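S.K.: Next come a sequence and a model predicted from it.
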Amino acid sequence: MAFLTTAGCALEIITPFNVYFNAKLVFKDLELWRLITNFFFFGNLGLDFVFHMFFLIKYCKSLEEGSFRGRSADFLWMLLFGGTLLTLIAPFVNIQFLGSSLTFMMVYVWGRRHQYVNLSFLGIFNFTAPYLPWVLLAFSLMLGSSPVVDLMGMAAGHVYYFLEDVYPRMSGRRPLKTPGLLKLLFPADDVVIAPPMVPPPEAMDAFEPAAAPGGGGGNGQAAEAGVDAGAGPEGKGLVLL
């Protein structure tokens, strides 16, 4: 939907004025579709669009196949919570399109839940997953994007992470418990037993898997197999771009 909406605006089949978020048009003129369509427009078809599509697909898939595996209702609840929170903030910061913010929210949550995964940015420097949103923010600024959009997503991601992962351990209460209706619509799959914890791997190079110290091919192949973010919470080191 994001690609179709953005491409439709680029081809002038529709205009951004038909899909952007405007609280007055939503609540006064009852143009309720704007509550959803504004998340599907990512600007012009350029490098910034490709950048956001890549990370949307990569980390959305990784979350679904990792910490939300077999829990579609919980994943949908996270998106609904994030979308609602961003929609409430948008009028105060004059933001009309929230798709990029929602993407950064998922990247933030993924980074927090994979804090021991090592990443490498173009082979220039290494860092751990929690710093990924800040690295992407800097890269997005280089492409000319507004920092407000990305910071909103990171703020929404932090609120979700705190209420879902941190606060329940502190108090024993879970304020973001998934509503029963969503669980009825999307029943949980069989419980999947997580693999045992392994030591954090070394960060990969940006273009090639890291070779084994002895030059053997076996470890290199194993490292290459773990590059994909969908490898799970204990996946190997990842590379960016």
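M.R.: Received, thanks.
S.K.: Chain neighbours aside, what residue packs nearest to residue 132?
M.R.: residue 111 (4.5 Å; Cβ to Cβ, 6 or more residues apart in numbering). (Each C-beta comes from the backbone N, C-alpha and C, glycine too.)
S.K.: check which helix or strand covers that neighbour.
M.R.: helix 99-113 (DSSP states H and E).
S.K.: can I have that helix written out in CSV, keeping just the CAs?
M.R.: The C-alpha coordinates for helix 99-113 follow below in CSV (Å, rounded to 0.1, in the frame of the first residue of the first chain):
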residue,chain,number,x,y,z
GLY,A,99,4.7,6.6,7.6
SER,A,100,8.3,7.4,8.2
SER,A,101,7.7,7.9,11.9
LEU,A,102,6.0,4.5,12.2
THR,A,103,9.0,3.0,10.4
PHE,A,104,11.4,4.5,12.9
MET,A,105,9.2,3.3,15.8
MET,A,106,9.7,-0.3,14.6
VAL,A,107,13.4,0.2,14.1
TYR,A,108,13.7,1.5,17.6
VAL,A,109,11.8,-1.4,19.1
TRP,A,110,13.8,-3.9,17.1
GLY,A,111,17.0,-2.3,18.3
ARG,A,112,16.0,-2.4,21.9
ARG,A,113,15.0,-6.1,21.7
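S.K.: can you give me the helices for the protein?
M.R.: 2-10, 23-27, 34-37, 47-65, 72-93, 99-113, 132-142, 147-161, 167-171, 180-185, 217-225 (DSSP state H).
S.K.: among the ones you listed, which is the most enclosed?
M.R.: When you average the neighbours per residue for each of the helices of the chain (mean count of other Cβ atoms under 10 Å), helix 99-113 leads with a mean of 26.
S.K.: so what are the domain limits for the protein?
M.R.: The chain breaks down by automatic domain parsing into domains covering 1-41, 47-240.
S.K.: need these in JSON lines with mean pLDDT, can you?
M.R.: Listed next are the domains of the chain as JSON lines, based on pLDDT from 0 to 100:
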{"stretch": "domain 1-41", "mean pLDDT": "76"}
{"stretch": "domain 47-240", "mean pLDDT": "75"}
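S.K.: And the residue nearest the centre of this protein?
M.R.: In the chain, the C-alpha nearest the mean C-alpha coordinate belongs to residue 106, at 2.4 Å (Cα atoms, centre = their mean).
S.K.: My understanding was that that residue contacts residue 63; is that so?
M.R.: Yes: assessed by Cβ atoms under 8 Å, residue 106 is found in contact with residue 63 at 6.1 Å.
S.K.: For stretch 147-162, report the contacting residues that lie outside it.
M.R.: Stretch 147-162 has contacts (Cβ atoms under 8 Å, 6 or more residues apart in numbering) with 78, 81-82, 85-86, 89-90, 93, 95, 97-98, 100-109, 112-113, 133, 136-137, 140-141, 176.
S.K.: Ignore what I typed, I meant stretch 102-109.
M.R.: 39, 52, 55-56, 59-60, 63, 78-79, 82-83, 86, 132-133, 136-137, 149-150, 152-154, 156-158, 160-161.
S.K.: The same query, at a cut-off of 6 Å, please.
M.R.: The contact list for stretch 102-109, computed with Cβ atoms under 6 Å, 6 or more residues apart in numbering, reads 39, 52, 55-56, 59-60, 82, 133, 150, 153-154, 156-157, 161.
S.K.: Out of the helices of the chain, flag the one nearest residue 122.
M.R.: Nearest of these to residue 122, taken as Cβ to Cβ: helix 132-142 at 9.6 Å.
S.K.: So which other helices or strands are in contact with that closest one?
M.R.: Taking 3 or more Cβ pairs under 6 Å, 6 or more residues apart in numbering; DSSP states H and E as contact, the helices and strands that helix 132-142 lies on are helix 99-113, helix 147-161.
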